[in-house]
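Enquirer: this one's structure only:
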């Protein structure tokens, strides 16, 4: 059996390069189907790279290892982004990339825990992820398991009452092993999140619910790393939340500039163009 893996400590590959690799894999999967939630995948890549190659403890060859940190994808339509990082982490074979979204694939377009190694929950019914994370974190705490539970959620999920019920329960049970990650890209299906229903001031609200709260630029890897470190090393028993301000389609400027990016339209001849533009910004 392999030793617990803290990838950032065991590899000399930079987090910037990991994030770039995640973006590239996501674009390649999007090209397979000609569609996908590419905007979200490109925007959250820096957070995912830091999660899997700096913060999380796991075993690539044993995704069900009991001592692993749990990473929950509440936002099931971000699955293309999680598949990309699971491939980068060696949990899902990279050869499966070309099966994305196909019949009998282990990578359906919306994430399903029963299909994909490393996929902890079936997300998609937005607003449920944090409640599941609370249950997991409480169970681990009662078993004296030191693992953390991370829950990646969207800014739109903060519009759901169930999210705040879960936030209240997490503080009540003093779940210092729970870290919520909020992707604030200010986009949802009908309009900007802040236009549909503003949830500001986010950090003040979480703090009022008894959480340790931070807010950083989610596309600044140094800031993301510092936020993860602060969340993991907080000494009290409060649950922790990090709000990440991210830019949809980050890394591909001609897609970043589009007005509608929740489900960004990419024409058939633009996939190669997007990959070429990404290549120009390839980090070491």
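Expert: Okay, I see it. Because the structure is a prediction, the values reported are computed rather than measured.
Enquirer: Let me know whether residue 194 touches residue 200 as I believe.
Expert: Yes: the pair residue 194 / residue 200 is scored as a contact, 7.2 Å apart, by CB atoms under 8 Å. Yep, even glycine has a C-beta here, placed from its N, CA and C like the rest.
Enquirer: What is the neighbour count of residue 98?
Expert: Residue 98: 12 surrounding residues under other CB atoms under 10 Å.
Enquirer: cool, residue 265 as well?
Expert: 11.
Enquirer: Spell out the secondary structure type for it.
Expert: coil (DSSP: H, G, I helix; E, B strand; the rest coil).
Enquirer: For the one helix or strand residue 254 maps to, enumerate the helices and strands it packs against.
Expert: Using DSSP states H and E, residue 254 sits in helix 253-256. When contacts are defined as 3 or more CB pairs under 8 Å, 6 or more residues apart in numbering; DSSP states H and E, helix 253-256 sits against helix 38-50, helix 270-280.
Enquirer: Just checking, which helix or strand succeeds the first one along the chain?
Expert: Downstream of helix 38-50, the next assigned helix or strand under DSSP H and E is strand 70-73.
Enquirer: what mean pLDDT would you report for that following strand?
Expert: Mean pLDDT, strand 70-73: 98.
Enquirer: tell me which strands and helices that strand is in contact with?
Expert: helix 129-142, strand 149-154.
Enquirer: TSV for the ones you listed, including mean neighbour count?
Expert: Formatted as TSV, the helices and strands packed on strand 70-73 follow (neighbours: other CB atoms under 10 Å):
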stretch	mean neighbour count
helix 129-142	20
strand 149-154	27
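Enquirer: between those, which gets nearest to residue 176?
Expert: Among the helices and strands packed on strand 70-73, the nearest to residue 176 by CB to CB is helix 129-142 (8.4 Å).
Enquirer: What mean pLDDT does stretch 86-101 get?
Expert: 96.
Enquirer: An error on my part: the question was meant for stretch 148-162.
Expert: Stretch 148-162 comes out at a mean pLDDT of 96.
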